[in-house]
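K.L.:
Got a predicted structure here, sequence first:
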2 protein chains.
Amino acid sequence: MGAINWVGFDGDDTLWRSEDYYRKAEAGFHDILGRYVDLDESRNVDHLLTVERRNLKVFGYGAKGMTLSMLETAIELSGERISAAHLREILEIGRATLEHPVELLPGIREAVEAIAGRHEIVLITKGDLFHQEAKIEQSGLADLFHRIEVVSEKDTRTYTRVLEELGTQPDGFLMIGNSLRSDIEPVIRLGGWGVHMPYHVTWAHEAEHGLDEASPRLLTVENPSQLPQAVAQIASRAG
Amino acid sequence: MGAINWVGFDGDDTLWRSEDYYRKAEAGFHDILGRYVDLDESRNVDHLLTVERRNLKVFGYGAKGMTLSMLETAIELSGERISAAHLREILEIGRATLEHPVELLPGIREAVEAIAGRHEIVLITKGDLFHQEAKIEQSGLADLFHRIEVVSEKDTRTYTRVLEELGTQPDGFLMIGNSLRSDIEPVIRLGGWGVHMPYHVTWAHEAEHGLDEASPRLLTVENPSQLPQAVAQIASRAG
């Protein structure tokens, strides 16, 4: 083992599929909204993201907040013309998103097991506490992790607190995740290490970051099977 | 100090007002719903609680879940006749509940400070992570607590995990709260101690419990000024 004491894993789109379900929800939402407004106008298509961002400071992240933002957007854009039946359909889209099955990324269990054999591992996942706990339970991966943290935001403040609780300096911490904004940038800013495993879709909000992607503290992999080697490589740099 | 190692405090309606805001939200909701259905029929008035309970396993606790349940109830009870404008008003009621000011119960700061002078204290609060963190921050009490835990459910399983993390046996743990169901019953079942401080209103769901209120492990107080003495009394029993 190198000087990496703890390896952190993100949950959504790192261990299991998530964004696909949100994209599916958005498509269903636009099907309904398209009966009231012209979706060829970009300001209509982009309005959901505008409302979601406006609501982040009241709702936080997660499917319940998204559902409330979809309802608000639909009422607003339709000029209050949308029917209760259609709003009920939007509610059902939100519920389906909360109840979607947890489907692990191919090869992730083996990767997590291999890394857990060499390092202490912690799951650090952002969003709605209740929904995240349900997904962790359904994933069947909970027992592999030495610690599990559900957090409301992933910024340097949150990682500072979590690293303190883990009893490690940032230089001994490596974070694995699909979001440069939430999983990698704050950890590298603190002096830690990152492995970026991009997912095929990224929410626009998460796509924004201020990271130097050429940082020597960062490796990028294409799929879970490459994770153990990337962790070993960083551990030898850090050690 | 007796053999009580840790004293736990509930948040909502123990440190700060909460249920009043939920009751106010419900009153506003019924004002709107009354335009569509007869609220003199008890099944109409009780329908929100029915829907909320049905949704607990998908939404968990908190104001976002309540808002989604209010919208669902209104659409259902009105037979999909309710207008988008009225549904928007219900959304606004939900947002106002999420943004309500945090108003400490009179005397609670002094009580928490006095108890913190003699025991390690932990805040254990249930509900929406994002909303609870916002309330904890606004309360100005965060620095008094040695640990803060936001949990999705308060049952024996949750308290077992938290007590393990605190490194205490149940016999060394005392929980203070307004809900016999969530704050007192599971702790006493595990072999711990409780101080019950009833709030003037209790959500119907929280009012149900299976506790023997004559338990020698339980004291009841009327207001925060009586808390330090009640804790001292239990500490001497436990010591």
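P.N.:
Everything's here; your move.
K.L.:
Quick check: longest strand in chain A by residues?
P.N.:
Ranked by residue count under DSSP state E, the longest strand found in chain A is strand A:120-126.
K.L.:
and A:Gln169, what does it touch?
P.N.:
Counting by CB atoms under 8 Å, 6 or more residues apart in numbering or on different chains, A:Gln169 makes contact with A:Leu163, A:Gly191. Yep, even glycine has a C-beta here, placed from its N, CA and C like the rest.
K.L.:
distance between the lowest-mean-pLDDT helix or strand in chain A and the chain's centre?
P.N.:
Scoring the helices and strands of chain A by mean pLDDT, DSSP states H and E places helix A:204-207 at the bottom, with a mean of 81. Distance, stretch centre to chain centre, for helix A:204-207: 10 Å (CA atoms, centre = their mean, to the nearest Å).
K.L.:
What of stretch A:42-61?
P.N.:
17 Å.
K.L.:
and that stretch, which residues are buried?
P.N.:
Going by neighbour count (16 or more other CB atoms under 10 Å in any protein chain shown), the buried part of stretch A:42-61 is A:Asn44, A:Val45, A:His47, A:Leu48, A:Val51, A:Glu52, A:Asn55, A:Val58, A:Phe59, A:Gly60, A:Tyr61.
K.L.:
repeat for stretch A:181-197
P.N.:
A:181-188, A:190, A:192-197.
K.L.:
quick one: which of these is nearest chain B?
P.N.:
A:Ser182 (14.9 Å; CB to the nearest CB).
K.L.:
Cross-check the contact I'm expecting between the closest one and A:Glu206.
P.N.:
Yes: the pair A:Ser182 and A:Glu206 passes the contact test of CB atoms under 8 Å, sitting 6.2 Å apart.
K.L.:
so what's A:Ala84 up against?
P.N.:
Counting by CB under 8 Å, 6+ apart, A:Ala84 has contacts B:Ala74, B:Ile75, B:Ser78, B:Glu80, B:Arg81, B:Ile82, B:Ser83, B:Ala84, B:Leu87.
K.L.:
Now for the nearest residue to A:Ile32 once chain neighbours are set aside, how many residues are close by?
P.N.:
The shortest distance from A:Ile32 to any non-neighbouring residue, by CB to CB, 6 or more residues apart in numbering or on different chains, is to A:His86 (5.1 Å). By the measure other CB atoms under 10 Å in any protein chain shown, the count of residues near A:His86 is 19.
K.L.:
Could you chop chain A up by domain?
P.N.:
A:6-16+A:103-238, A:19-98 (automatic domain parsing).
K.L.:
Name the SS class of A:Val195, please.
P.N.:
strand (DSSP: H, G, I helix; E, B strand; the rest coil).
K.L.:
Show residues contacting stretch A:104-112.
P.N.:
A:9, A:14-17, A:121, A:139-141, A:144, A:223-225, A:227-228.
K.L.:
Just the CA trace of stretch A:216-230, in CSV.
P.N.:
Extracted C-alpha coordinates of stretch A:216-230, given in CSV (Å, rounded to 0.1, in the frame of the first residue of the first chain):
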residue,chain,number,x,y,z
PRO,A,216,-0.6,15.3,-12.5
ARG,A,217,-2.9,14.5,-9.5
LEU,A,218,-5.6,13.2,-11.9
LEU,A,219,-6.0,10.1,-14.1
THR,A,220,-8.8,9.3,-16.5
VAL,A,221,-10.1,5.8,-17.2
GLU,A,222,-12.7,4.6,-19.6
ASN,A,223,-14.4,1.8,-17.6
PRO,A,224,-14.4,0.1,-14.2
SER,A,225,-11.9,-2.6,-15.2
GLN,A,226,-9.2,0.1,-15.4
LEU,A,227,-9.9,1.4,-11.9
PRO,A,228,-7.6,-0.9,-9.8
GLN,A,229,-4.6,-0.1,-12.0
ALA,A,230,-5.3,3.6,-11.9
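K.L.:
What mean pLDDT does it get?
P.N.:
For stretch A:216-230, mean pLDDT rounds to 96.
K.L.:
Break down chain A into its strands, ranges please.
P.N.:
Listed in chain order, the strands of chain A (DSSP E) span A:6-9, A:120-126, A:147-151, A:173-177, A:193-196, A:218-220.
K.L.:
Now distance to B:Thr156 too, for those, in CSV please.
P.N.:
Below are the strands of chain A laid out as CSV (distance: least, CB to CB, whole Å):
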stretch, distance to B:Thr156
strand A:6-9, 29
strand A:120-126, 24
strand A:147-151, 19
strand A:173-177, 33
strand A:193-196, 38
strand A:218-220, 43
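K.L.:
which stretch among these comes nearest chain B?
P.N.:
Judged by CB to the nearest CB, the one of these that comes nearest to chain B is strand A:147-151, at 6.6 Å.
K.L.:
Next one: the residue in chain A sticking out farthest from the centre from A:Leu87, what distance?
P.N.:
Of all residues in chain A, A:Arg81 has its C-alpha farthest from the mean position, at 34.1 Å, by CA atoms, centre = their mean. Here A:Arg81 is placed at a distance of 11 Å from A:Leu87 (CB to CB, to the nearest Å).
K.L.:
Would you tell me which of the domains of chain A gets closest to B:Gly34?
P.N.:
Set against B:Gly34 and scored by CB to CB, those come closest in domain A:19-98, at 16.4 Å.
K.L.:
mind listing what's buried in stretch A:224-239?
P.N.:
Buried, per 16+ other CB under 10 Å, within stretch A:224-239: A:Pro224, A:Gln226, A:Leu227, A:Pro228, A:Ala230, A:Val231, A:Ala232, A:Ile234, A:Ala235, A:Ala238.
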